[in-house]
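Enquirer: Sequence first, then the predicted structure, then my questions.
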Amino acid sequence: MRPTHKIMALFAMLCLSLNAWAQFDDDYNVEEWSLDEEEEAPKPQHKEYKNAVFLQYSPSRYKVSDDSRVRFNEFLLGYNRIIQVVEEKPYFVEAGASVKFSWTKNTMDARLITFRVPVNVLYKIYPWKEKDYAIAPFAGASVRVIAMAHDCASHTNLCGSNGWGRFQVAWQAGVRLYLNRYFLGFSYSRDFRDTSKFPCVRECGVHFGYSF
């Protein structure tokens, strides 16, 4: 075979091999048969709501003097604004306002209307990644203002010049169970110790709410 014919034959074989390799590369992309085929599943993004309304029942004890304590029944209607403070982490600060209606016929016949402004820090624990169910412990402080305190028996204002103080600061702590938009919570609240002010309130509460 002449040298020219040998060169042409080698060139033809080279073209055929390149064509075969191109077909193989189209059918089997390197990325497809890579050993790293498994991709990490995306983490679920739980729905976090920014607002909540709730209703609370609170059997409470009011210390109205150095040697006198009165038990009250109380209903509270409240609103909270929830702010996520750490991106992609379930850490929150909630601030809101509530109005509380209190009454007793124990040792006195009294009616109260109280406004309260709480601020809490809250952390959500999600037991199941695929469901919006969470357990959320919380703690914080609140300012209380007694708008009306009336003694029905004597028809007097309990917050008179020598009566109860209208303003007080308290701390609170509790835990909530979130079921999607709904939540059920338990809490305990107590005024910071101040012997110069009455009443001093201890409050146990259970509340049910809705997030939106």
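Expert: Looks like it came in fine.
Enquirer: Could you list the domains of the protein?
Expert: The record assigns the chain these domain ranges, following automatic domain parsing: 1-31, 51-211.
Enquirer: need the strands for the protein, in chain order.
Expert: Counting by DSSP state E, the chain has strands at residues 51-65, 68-84, 91-105, 109-123, 133-151, 156-157, 167-179, 182-191, 200-211.
Enquirer: Now do the residue nearest to Ala153 when sequence neighbours are not counted, the pLDDT please.
Expert: Take Ala153 and drop its neighbours on the chain: the residue closest to it by C-beta to C-beta, 6 or more residues apart in numbering is Asp109, 4.5 Å away. C-beta here means a position set from N, CA and C on the backbone, and glycine is covered the same way. At Asp109, the predicted lDDT confidence score is 90.
Enquirer: hey, what's Asp109 bridged with?
Expert: Asp109 has these beta-bridge partners by DSSP bridges: Lys105.
Enquirer: coming back round to it: let me have the strands of the chain in CSV, extended by mean neighbour count.
Expert: Compiled in CSV, the strands of the chain are given as follows (neighbours: other C-beta atoms under 10 Å):
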stretch, mean neighbour count
strand 51-65, 17
strand 68-84, 16
strand 91-105, 17
strand 109-123, 17
strand 133-151, 16
strand 156-157, 13
strand 167-179, 16
strand 182-191, 17
strand 200-211, 18
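Enquirer: between the ones you listed, which gets the lowest average pLDDT?
Expert: Averaging pLDDT over each of the strands of the chain puts strand 156-157 lowest, since it has a mean of 90.
Enquirer: Tell me the strands beside that strand, with direction?
Expert: Per DSSP bridges, strand 156-157 is paired in its sheet with strand 133-151 (antiparallel).
Enquirer: Against Arg69, how distant is Leu158?
Expert: According to C-beta to C-beta, to the nearest Å, Leu158 and Arg69 sit 15 Å apart.
Enquirer: Surely Cys200 and Phe192 touch.
Expert: No. Look at Cys200 against Phe192 with C-beta atoms under 8 Å: they stay out of range, at 9.0 Å.
Enquirer: Tell me the residues that contact both of those two, please.
Expert: Taking C-beta atoms under 8 Å, 6 or more residues apart in numbering as the criterion, Cys200 and Phe192 both touch Gln168.
Enquirer: end-to-end on stretch 181-201?
Expert: 31 Å (C-alpha to C-alpha, to the nearest Å).
Enquirer: Contacts made by that stretch with the rest, please.
Expert: In contact with stretch 181-201 (C-beta under 8 Å, 6+ apart) are residues 49, 52, 54, 56, 60-65, 70, 136, 142, 144, 164-165, 168-177, 202-212.
Enquirer: next one: it to chain centre, how far?
Expert: 19 Å (C-alpha atoms, centre = their mean, to the nearest Å).
Enquirer: Geometric centre of this structure: which residue is closest?
Expert: Leu122 (5.4 Å; C-alpha atoms, centre = their mean).
Enquirer: tell me the contacts of that residue?
Expert: So, once contact is read as C-beta under 8 Å, 6+ apart, Leu122 ends up touching 82, 91-94, 136-138, 176.
Enquirer: rerun that using 6 Å as the cut-off
Expert: With contacts defined as C-beta atoms under 6 Å, 6 or more residues apart in numbering, Leu122 is in contact with 92, 94, 136, 138.
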